[in-house]
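Enquirer: Sequence and predicted structure, then a few things I'm wondering about:
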Amino acid sequence: MKYHKPPFTHEQQLDQLIQRGLACANRSAALHCLGHINYYRLGAYWLSFESDHATHAFQPGIRFDDVWNLYIFDRELRLLVLDAIEHVEVSVRTGWSSALAHRYGPHAHLQTSLFKKSCSNWDYTQHSQKLEADARKSHETFVHHHYQKYDESLPPLWSVVEIMTLGQLSKWYGNLRHGVDRNAVAHRYSMDETNLTSFLHHLSIIRNFCAHHSRLWNREFTFTFRLPIHRPPALVASLNHQDGRRLYNTLTVLAWLLDSISPQHHWKQRLQALLVQYAIDPMRMGFPGGWEQMAIWK
């Protein structure tokens, strides 16, 4: 079967939405939105307002502005999450490079014995070659200086870690052979290394969603991270252990990490203000009832 539907003009797209019961008080503004934001991109947001998915009929009283409000909220949410991820990524880079350098020397990343053997998602040789290729192509001044002056294939840890992506950092950290080395980083946040390893992997996926402007609101994630069940108590008590596929647990661990990294931050208040500003029902993102009174969010 081949796809034969012709493309709709923006006028036709809007007319179809109105025929399905979507109220539109300002036609020119709605057309402007459809002219700059793909119909199917917005469709992920108006889906929740449908009363019948088979006919795509809208619930009574739903307006184009309701869809637009949800779309703008999600955009603001992605920016807020990216802000938190930046703090976490920079902190983990610092902790990982510092812990290994002080224990094994400035080129610990060149010591094969410190890392796990090859497995389905990790091969030390391939990852070290990829890191060297990235370093050789880097335009960072500190990397150029290293290759002009020294003979090592890679700069020291505290230098090379600054050109790692979050995905690379997650793999280099998670594939350290010894738990004690992973815990040297995780314990800075009062977490166990198994939980931090899993969360960093998850966070690299979240970051890619944000970087590619994909929806976070109401998304069910296929890869979930391992929730802590023993420590730290405040974090364990604040997580949703019943619904782990939506964004709430990600936001909660980010809030916990930010409390350790930047105690004077206002990130949690900004998140709460965003929910109020756009009148968002947080339960659609996996927030449990009474979440505002949980230890992390008080």
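Expert: Sure, I can see it. Residues are numbered from 1 along each chain as shown.

Enquirer: How about residues contacting stretch 154-166?
Expert: 85, 89, 93-94, 96-98, 100-101, 106-110, 128, 131-132, 134-135, 138, 140, 142-143, 146, 169, 172, 200, 203-204, 207 (CB atoms under 8 Å, 6 or more residues apart in numbering). Where you see a C-beta, it was placed from the backbone N, CA and C, and this is true even at glycine.

Enquirer: again, only this time at 6 Å
Expert: 89, 93, 97, 100-101, 106, 108-109, 132, 134-135, 138, 142-143, 146, 204, 207 (CB atoms under 6 Å, 6 or more residues apart in numbering).

Enquirer: Restricted to buried residues, select those residues in PyMOL.
Expert: Burial among these is assessed by 16 or more other CB atoms under 10 Å; the matching PyMOL selection reads:
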select buried, resi 89+93+97+100+101+106+108+109+132+134+135+138+143+146+204+207
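
Enquirer: In this structure His265 contacts Asp259, no?
Expert: No: at 7.7 Å, His265 does not count as touching Asp259 under the criterion of CB atoms under 6 Å.

Enquirer: In the helix or strand hosting Thr125, which residues are buried?
Expert: Under the criterion of DSSP states H and E, Thr125 resides in helix 124-137. For helix 124-137, the neighbour count (16+ other CB under 10 Å) marks Tyr124, His127, Ser128, Leu131, Glu132, Asp134, Ala135 as buried.

Enquirer: Can you add pLDDT and distance to Ala279 and give these back as a markdown table?
Expert: Below are the buried residues of helix 124-137 laid out as a markdown table (pLDDT from 0 to 100; distance: CB to CB, whole Å):
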| residue | pLDDT | distance to Ala279 |
| --- | --- | --- |
| Tyr124 | 94 | 50 |
| His127 | 94 | 46 |
| Ser128 | 93 | 50 |
| Leu131 | 92 | 46 |
| Glu132 | 91 | 51 |
| Asp134 | 91 | 44 |
| Ala135 | 89 | 48 |
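
Enquirer: ok, longest helix in the chain?
Expert: If you go by DSSP state H, the chain has its longest helix at helix 64-104.

Enquirer: So what's the model's average confidence on the host helix or strand of Leu169?
Expert: Leu169 belongs to helix 166-174 when assigned by DSSP H and E. Mean pLDDT, computed over helix 166-174, is 96.

Enquirer: mind saving the C-alpha coords of that helix as CSV?
Expert: What follows is helix 166-174, C-alpha atoms only, in CSV (Å, rounded to 0.1, in the frame of the first residue of the first chain):
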residue,chain,number,x,y,z
LEU,A,166,27.4,13.6,27.6
GLY,A,167,26.9,10.2,25.9
GLN,A,168,30.7,9.6,25.8
LEU,A,169,31.1,10.7,29.4
SER,A,170,28.3,8.3,30.4
LYS,A,171,30.0,5.4,28.7
TRP,A,172,33.5,6.2,30.0
TYR,A,173,32.2,6.5,33.5
GLY,A,174,29.9,3.6,33.4
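
Enquirer: Next SSE downstream of it?
Expert: Using DSSP H and E, the next helix or strand after helix 166-174 towards the C-terminus is helix 179-186.

Enquirer: could you give the angle of the next helix or strand after that next one to helix 64-104?
Expert: Following helix 179-186 in sequence order, the next helix or strand is helix 193-211 (DSSP H and E). Calculated by axes from the mean of the first three to the mean of the last three CA atoms, to 10 degrees, helix 193-211 forms an angle of 140 degrees with helix 64-104.

Enquirer: Residues contacting helix 193-211, please?
Expert: Under the contact criterion CB under 6 Å, 6+ apart, helix 193-211 has outside partners 78, 81-82, 85, 166-167, 170, 174, 179, 182-183, 186, 223, 225-226, 228, 250, 253.

Enquirer: Let's see that with 8 Å instead.
Expert: With CB under 8 Å, 6+ apart, helix 193-211 has contacts from 78-79, 81-82, 85, 88-89, 92, 165-167, 169-170, 173-174, 179, 182-183, 185-186, 189, 215-216, 219, 221, 223-228, 250, 253.
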